[in-house]
Structures are given as structure tokens and as C-alpha cells.
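Undergrad: no FASTA, just this:
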């Protein structure tokens, strides 16, 4: 079953209602993954006026889940197994974009790479890698 970016966004918002409040959405499905957006909001600021690490981690995790759904269809019991993030530069006060690439699609796990950028800038502000665990057949 092929899902559209809007359908994937809906699945994520149904499963994690806070994602709707944040404005998270799937912008595009690419040949190797997805592109997702987290709109800029003062809610995501930390002291010092920069976008917070937890907001970027949430974006990376939701974007990885979106890439899994884009590849495999509605698979709600796929779960984060591992998430590692490196914060590389201070994000600009703009929407954050997550560019996700599926590195390896296995029978039970998916390994993913995420680059987070401030909209309008080519500089990667955070880099994440993660693994998603897929449910056994029949346990979707």
C-alpha cells in the first residue's frame, strides 16, 4: 500500500497527537526516503534563543518513522530501536527540514540517516542516525 505525504502525516498525527500541535508534516517522498518539516515556533526555543535539541530529536525520530511508512505502508508497530544525534551548528530562526535516507531495509530492522537543515540554508545543523524495529509478520 503506497501512502502519500499527507496520509503519512495523518498516521503520525493519529498515533502521536503532539505532532499535530507542533505542525510536523511530511513534505515529500523521495527515491531513498522522505523530507519532513517542523515549522518554526517560539515553543521550540531554549534559553539563548536557539531551537532546542529535543525539538530536533523529535523531528529526526518522526521523520525516520515517516520514511519507514513511505516504504512499507501503514505499519504502526514499527518502533524506534536506536537514535543517535549530533548537533553541528546553531539553527537559524526558520522552519527545520529533515532529509531522511534509508540506508538498509532488513526483514526486522531499518537503518536510517537524517540531515536536519534550517530552511533556506544548505548547512546541516544536526545529523542523526537511527534504527527502526519492524514488527514480526502478522503483528503490524
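TA: That came through fine. Bear in mind that the values here come from a model prediction, so they are computed numbers and not experimental data.
Undergrad: mind listing what's buried in stretch 6-24?
TA: Applying a neighbour-count criterion of 16 or more other CB atoms under 10 Å, one finds 7, 8, 9, 10, 11, 12, 13, 16, 19, 22, 24 buried in stretch 6-24. Where C-beta positions appear, they are placed from N, C-alpha and C, glycine not excepted.
Undergrad: can you give me the end-to-end distance of it?
TA: One end of stretch 6-24 to the other measures 11 Å (CA to CA, to the nearest Å).
Undergrad: Show the backbone phi and psi for residue 9.
TA: Per-residue torsions, residue 9: phi -60, psi -40 (degrees, to the nearest 10).
Undergrad: Could you pull up the residues touching the most centrally placed residue in the chain?
TA: For the chain, residue 63 is the residue whose C-alpha lies nearest the centre (CA atoms, centre = their mean; 1.4 Å). Taking CB atoms under 8 Å, 6 or more residues apart in numbering as the contact definition, residue 63 lies against 26, 34, 36, 98, 100, 114.
Undergrad: Counting only strands, which of these make the cut?
TA: 26, 34, 36, 98, 100, 114 (DSSP state E).
Undergrad: any idea how far the second one lies from residue 100?
TA: Taking CB to CB, to the nearest Å as the measure, residue 34 and residue 100 are separated by 5 Å.
Undergrad: what is in contact with the two at once?
TA: Contacts common to residue 34 and residue 100, judged by CB under 8 Å, 6+ apart, are 63, 66, 67.
Undergrad: can those residues go into TSV with extra columns for secondary structure, pLDDT and distance to residue 55?
TA: Formatted as TSV, these follow (DSSP: H, G, I helix; E, B strand; the rest coil; pLDDT from 0 to 100; distance: CB to CB, whole Å):
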residue	secondary structure	pLDDT	distance to residue 55
63	helix	97	12
66	helix	97	16
67	helix	97	19
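Undergrad: next one: the one helix or strand in the chain whose mean pLDDT sits lowest to chain centre, how far?
TA: Every helix and strand of the chain was ranked by mean pLDDT, DSSP states H and E. The lowest is helix 18-22, at a mean of 79. Chain-centre distance of helix 18-22: 13 Å, with CA atoms, centre = their mean, to the nearest Å.
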